[in-house]
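S.K.: Need a 3D model of the following:
(2 chains)
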Amino acid sequence: MLLIPCPYCGPRPELEFSYAGQAGLVRPDNPAALDDAAWGAFLYERSNPRGPHDERWRHVHGCGRFFNARRDTVSDLFAASWKSGEAAP
Amino acid sequence: MQRFSALALARQAFAGHQGWQAQWRSPEPQAEYDAIIIGGGGHGLATAYHLANDHGINRVAVLEKGWIGGGNTGRNTTIIRSNYLFRESSSLYDHAVKRWETLSQTLNYNVMFSQRGVLMLAHTVHDVQVFQRHVHANRLNGVDNEWLTAEQAKDFCPPLRIEAGMRYPVLGAALQRRAGTARHDAVAWGYARAADSLGVDIIQNCHVSGIARDAQGAVSGVETSRGPIRTRKLGVVAAGNTSVVMGMAGVRMPLESYPLQALVSEPVKPVFPCVVMSNTIHAYISQSDKGELVIGAGTDAYISYSQRGALHVSTHTLEAICELFPQFRRMRMLRNWGGVVDVTPDRSPIIAKSPVPGLYVNCGWGTGGFKATPGSGHVFAWTMAKDEPHPINAPFTIERFRDGHLIDEAAAAAVAH
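M.R.: As a prediction, this is how the structure comes out:
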């Protein structure tokens, strides 16, 4: 089980969190203006890296807030976490 | 290839078993191949076998960064079935089941395919409705599947608990009798041996670090830990690492890689006659011929390449198993491991050409690829040899995520994700 550093509450066990996927995916302002390839890429393509990954978590059984974290997907170690809206370190 | 038979066994017995040959060679990579497969699991080895056997392409190499069958082929729970909802899926998976039925003869290798039946339990009114819909859809598509009452399910699988007072009572079950299990290592070894005898080079401990392209953008070779190798046809069958390998050719994939766990108990005498799966409470279980209970847990919530999962995920599954089969409460679990599964948004695989000429990809099998191994290798070899899909894998393109023609098998593993 992961020990996840919530930027609001500190390190807490994984059971208190829900995973919310890759960070930094911005919904296009005007989807109707996109072609199918661009819309499909937004919906479905993911970086899925082997190594550092910026991702979102929600401390659903704690403060309830979403935040961002950087975790290595091979070692599962967290390198950093930061609040939503803050710049990535 | 030294053929296996009762006569060969007797002859070797008289010779003190000193005359058995290695089942496949360990060749040095050549400078060029007509086709290269990245990934020496069941799907990759089956693809190489079919390229050589069906299409006369014998200068084939299978590049495996570890040892063959050491990834998900050796880490799954070996369940084989074809009772998927949509026609595209059931025809793909049933194509594989039909091949499983003759695979031991085809490969001259006992893959221990056992059609002991897969029982999928319904615990809620919604489950009953969904599974009955599955039964009807399967039968319309020519795939066997039948509905059992709770009592009939208990007759088929006597260890099953069907008391009314359970938190999630068994209301009935869907049974596919042609479904079952096979010995996963034997599948990798059998395909490796058969492919090797047709001239395929199986190159283990060979890590691919790059994909070379020519001036037109087409594939011209691969960079590996054992030097560059030229080829015009490259098949990526890298399961959880597919996004990484396809990224070497600049192709972004609609995939996410998750850890999926399984575990086995201490071996006991035969106690469990079939495979039982439960979507609602998340458990699946069978007994191997060695006597171990083979239990599949769920995926972890987050993407990871760590090949291990969290303990609370397997604990959750064991609680469900103990609820359904209270007699297993005192059994000890021997081993627990994880594999990395590549999951598509619609939970259906991709077996297709890629946007890069000469680059083909077979991936996205998610939590249930083992069952498709013989069919997957057959249609993917066809796709690579003819540069067009076989009719069975034609719907399983990458472009379906652009065009919206999803094959939405959210129940693909019959377990909640």
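
S.K.: With just CA atoms, put stretch B:108-117 into PDB.
M.R.: Taking C-alpha atoms only, stretch B:108-117 is exported to PDB below (Å, rounded to 0.1, in the frame of the first residue of the first chain):
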ATOM      1  CA  ASN B 108       3.100 -31.600 -30.300                       C
ATOM      2  CA  TYR B 109       3.200 -30.200 -26.800                       C
ATOM      3  CA  ASN B 110       0.800 -30.900 -23.900                       C
ATOM      4  CA  VAL B 111      -0.600 -27.500 -22.900                       C
ATOM      5  CA  MET B 112      -3.000 -29.300 -20.500                       C
ATOM      6  CA  PHE B 113      -6.100 -27.500 -21.900                       C
ATOM      7  CA  SER B 114      -8.900 -28.600 -19.600                       C
ATOM      8  CA  GLN B 115     -12.500 -27.700 -20.500                       C
ATOM      9  CA  ARG B 116     -13.800 -27.900 -17.000                       C
ATOM     10  CA  GLY B 117     -16.300 -25.100 -17.400                       C
END
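
S.K.: in it, what counts as buried?
M.R.: Neighbour counts over stretch B:108-117 (16 or more other C-beta atoms under 10 Å in any protein chain shown) mark B:Y109, B:V111, B:M112, B:F113, B:S114, B:Q115, B:R116, B:G117 as buried. C-beta: built from backbone N, CA, C; applies to glycine.

S.K.: Any idea how far it is from the middle of the chain?
M.R.: Averaging C-alpha positions (C-alpha atoms, centre = their mean, to the nearest Å) puts stretch B:108-117 15 Å from its chain's average.

S.K.: what's next to it, contact-wise?
M.R.: B:1, B:3-4, B:80, B:100-101, B:103-104, B:156, B:175-183, B:186-187, B:189-190, B:193-194, B:273-275, B:286, B:289 (C-beta atoms under 8 Å, 6 or more residues apart in numbering or on different chains).

S.K.: Filter those down to the buried ones, PyMOL style.
M.R.: Applied in PyMOL, the following selects the buried portion of those according to 16+ other C-beta under 10 Å:
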select buried, chain B and resi 4+80+100+103+104+156+175+176+178+179+180+181+182+183+186+187+189+190+193+194+274+275+286
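
S.K.: that older thread, select, from the buried residues of stretch B:108-117, the two members most distant in space.
M.R.: B:Y109 and B:G117 (23.8 Å; C-beta to C-beta).

S.K.: Now A:L3. Nearest residue, chain neighbours left out?
M.R.: A:P11 (5.0 Å; C-beta to C-beta, 6 or more residues apart in numbering or on different chains).

S.K.: can you map out the strands along chain A?
M.R.: Listed in chain order, the strands of chain A (DSSP state E) span A:3-6, A:10-13, A:18-22, A:52-58, A:66-72, A:78-83.

S.K.: nearest to B:T367, of those strands?
M.R.: Comparing these by C-beta to C-beta, strand A:18-22 comes nearest, at 16.6 Å.

S.K.: does the closest one come close to chain B?
M.R.: Yes - interface with chain B: strand A:18-22 contributes A:S18, A:Y19, A:G21 (C-beta under 8 Å from any C-beta of the partner chain).

S.K.: That strand pairs with which strands, parallel or anti?
M.R.: Strand A:18-22 sits in its sheet next to strand A:52-58 (antiparallel), going by DSSP bridges.

S.K.: ok, B:T397 - how many residues close by?
M.R.: 17 (other C-beta atoms under 10 Å in any protein chain shown).

S.K.: Just read off the phi/psi values of the closest residue to it other than its chain neighbours.
M.R.: The shortest distance from B:T397 to any non-neighbouring residue, by C-beta to C-beta, 6+ apart, is to B:A352 (4.5 Å). As for B:A352, its main-chain torsions (degrees, to the nearest 10) stand at phi -160, psi 170.

S.K.: Next one: B:A352 from B:R81, what distance?
M.R.: 24 Å (C-beta to C-beta, to the nearest Å).

S.K.: still on that earlier bit, ranking the strands of chain A by mean neighbour count, which comes first?
M.R.: strand A:66-72 (a mean of 20; mean count of other C-beta atoms under 10 Å in any protein chain shown).

S.K.: What mean pLDDT does that one get?
M.R.: Mean pLDDT, strand A:66-72: 98.

S.K.: can you pull the contacts of the residue nearest to A:L3?
M.R.: Counted by C-beta under 8 Å, 6+ apart, A:P11 has contacts A:L3, A:I4, A:P5.

S.K.: Tell me the one among these nearest to B:N279.
M.R.: A:I4 (28.1 Å).

S.K.: May I have the beta-bridge partners of that closest one?
M.R.: A:R12.

S.K.: now do A:F66
M.R.: A:R58.

S.K.: Grab the longest helix from chain B for me.
M.R.: helix B:87-107 (DSSP state H).

S.K.: and whichever helix or strand comes after that one, average pLDDT?
M.R.: Of the helices and strands lying after helix B:87-107 in sequence (DSSP states H and E), the nearest is strand B:118-122. Averaging pLDDT along strand B:118-122 gives 96.

S.K.: Parallel or antiparallel, which strands does strand B:118-122 pair with?
M.R.: strand B:172-176 (antiparallel), strand B:275-278 (parallel).

S.K.: ok, how many other residues are close to B:M120?
M.R.: For B:M120, using other C-beta under 10 Å, the count is 29.

S.K.: Can you name the residues bridging to it?
M.R.: So, taking DSSP bridges as the rule, B:M120 has B:A174, B:M277 as bridge partners.

S.K.: Would you enumerate the residues in contact with it?
M.R.: B:N83, B:F131, B:A173, B:A174, B:L175, B:M277, B:S278, B:N279, B:A414.

S.K.: Adding pLDDT as columns, could you present those in CSV?
M.R.: Compiled in CSV, these are given as follows (pLDDT from 0 to 100):
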residue, pLDDT
B:N83, 94
B:F131, 94
B:A173, 97
B:A174, 97
B:L175, 98
B:M277, 95
B:S278, 92
B:N279, 86
B:A414, 51
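
S.K.: Let's have those in JSON lines, adding distance to B:P345.
M.R.: Shown next, in JSON lines, are the contacts of B:M120 (distance: C-beta to C-beta, whole Å):
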{"residue": "B:N83", "distance to B:P345": "22"}
{"residue": "B:F131", "distance to B:P345": "24"}
{"residue": "B:A173", "distance to B:P345": "29"}
{"residue": "B:A174", "distance to B:P345": "25"}
{"residue": "B:L175", "distance to B:P345": "30"}
{"residue": "B:M277", "distance to B:P345": "23"}
{"residue": "B:S278", "distance to B:P345": "24"}
{"residue": "B:N279", "distance to B:P345": "19"}
{"residue": "B:A414", "distance to B:P345": "18"}
